[in-house]
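Chemist: only geometry, no sequence info:
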């Protein structure tokens, strides 16, 4: 109490004067500032991060008049067709289904960096070497089947963005052979390899 | 003789810093908008694309469980859209209903039963079973909502409306395709797919 901050209290012992303690007017604001900055950080991060991400998708023009929809002919050596099936199944072939280019026979792939992405990257290189023209890159045709789900579609579109495939399209027409391909390959895939 | 160093105080004056900190805090609290509960919760698939959705001039089509919900940003645009829709389907809405609609979030009912949803309290709207907006060829209200929202947006904001599809990851493709077809029938060939954020892959 008074003993602490009064140097002369000893001399005026008998005076009887009651001295009120001199209060320090400074408050320690450190904790308050800490708290304020913590909250600032929280609000800053939540306001900017809460905006949802989005992926842009452009589709080709669709003419209601069927006859006007011209089929575009492309070099089969540049195309890769990706079929999306149920249970996250993915089959791809390169070139035409009946006559695939070497190494491009229909094959199952997994989603993600170890599966289809490696294949996409290597095919992209191969196509560029084949055409020798930077403007004529790989063309990927994505065919989601009726059983495939939305996550598959977004995943494969995301792969297109990651690998930077110059041209890709979503096609909804399935030939009977392609439907068979998705159905047929499902059986051996279930059997574990020895 | 020993030189005495002046003892410096270690405590700094925090007052100014505290002022600034709280000023910023107030700013961020006021600009932050409270997250409104979604009527149709969907689990969006993740992607690595980093583009953000625009804040306005945006219509969101939420697809989940085979149902489609519709939402437009901007109060004025919403009012105008409802006006156009009520004229088309000859369902009248009172002034009060229009205000409620303007401040509402996404909805998924046929326009004939929209009034029931509007009459309910905002907290109770979640409990009303919303069957989704009809989108088959006989009663394609979804196409009309989109069309009228575009018209309204051009009239109010003088800008083309952007469309975003927010689909559930497990949604089957035919439903998505159906919605994309509706969009393409209106010559909307460019739209966004709402996705979640995926962390960096190893």
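Modeler: Now that the structure is in, tell me what you want to look at. Quick caveat: nothing in here was measured; it's all calculated off a predicted structure. Residues are numbered from 1 along each chain as shown, chains lettered A, B, ... in the order given.
Chemist: what stretches of the chain score poorly on pLDDT?
Modeler: With no chain named, the answer covers chain A. Along chain A, the model assigns pLDDT under 70 to residues A:1-17, A:48-51, A:62-73, A:184-194.
Chemist: switch to chain B, please.
Modeler: Residues of chain B that meet the cut-off, pLDDT under 70, sit at B:1-2, B:33-38, B:198-202.
Chemist: could you look up the SS state of residue B:129?
Modeler: coil (DSSP: H, G, I helix; E, B strand; the rest coil).
Chemist: tell me how many other residues crowd it.
Modeler: For residue B:129, the neighbour count with other CB atoms under 10 Å in any protein chain shown is 6. Any C-beta I mention is one placed from the backbone N, CA and C, and that applies to glycine too.
Chemist: what sits against residue 116?
Modeler: Let's take chain A. Contacts of residue A:116 were listed using CB atoms under 8 Å, 6 or more residues apart in numbering or on different chains, and they are A:82, A:90, A:92, A:109-110, A:156, A:159.
Chemist: not quite, go with chain B.
Modeler: By CB under 8 Å, 6+ apart, the contact set of residue B:116 is B:109, B:128.
Chemist: same thing with residue A:47?
Modeler: B:28, B:31-32.
Chemist: which of those residues has the most neighbours?
Modeler: residue B:28 (18 neighbours).
Chemist: residue boundaries of the helices in chain A?
Modeler: Assigned by DSSP state H, the helices in chain A fall at A:2-5, A:30-49, A:116-131, A:150-163, A:176-184, A:186-190.
Chemist: ok, which of the ones you listed comes nearest residue A:104?
Modeler: Nearest to residue A:104, of all the helices of chain A, is helix A:116-131, at 8.2 Å by CB to CB.
Chemist: next, name the residue at the spatial heart of chain A.
Modeler: Nearest to the mean C-alpha position of chain A, by CA atoms, centre = their mean, lies residue A:158 at 5.6 Å.
Chemist: how about the closest residue to that residue other than its chain neighbours, what does it touch?
Modeler: Residue nearest to residue A:158 in three dimensions, not counting chain neighbours: residue B:47, with 4.2 Å by CB to CB, 6 or more residues apart in numbering or on different chains. Counting by CB under 8 Å, 6+ apart, residue B:47 makes contact with A:53, A:55, A:154-155, A:157-158, A:161, B:195-196, B:198.
Chemist: and what of residue A:96?
Modeler: residue A:76.
Chemist: what's the distance between residue B:19 and residue B:25?
Modeler: For residue B:19, the distance to residue B:25 (CB to CB, to the nearest Å) stands at 11 Å.
Chemist: contacting residues for residue A:103?
Modeler: Each residue near residue A:103 by CB under 8 Å, 6+ apart is listed here: residue A:94.
Chemist: give me the number of residues near residue 132?
Modeler: No chain in the question, so chain A it is. If we define neighbours as other CB under 10 Å, then residue A:132 has 7 of them.
Chemist: not what I meant, chain B
Modeler: 21.
Chemist: so what's the closest residue to it other than its chain neighbours bridging to?
Modeler: Of all residues not flanking residue B:132 in the chain, residue B:67 sits nearest, at 2.9 Å (CB to CB, 6+ apart). In this entry, residue B:67 is beta-bridged to residue B:64, by DSSP bridges.
Chemist: no more questions from me, cheers.
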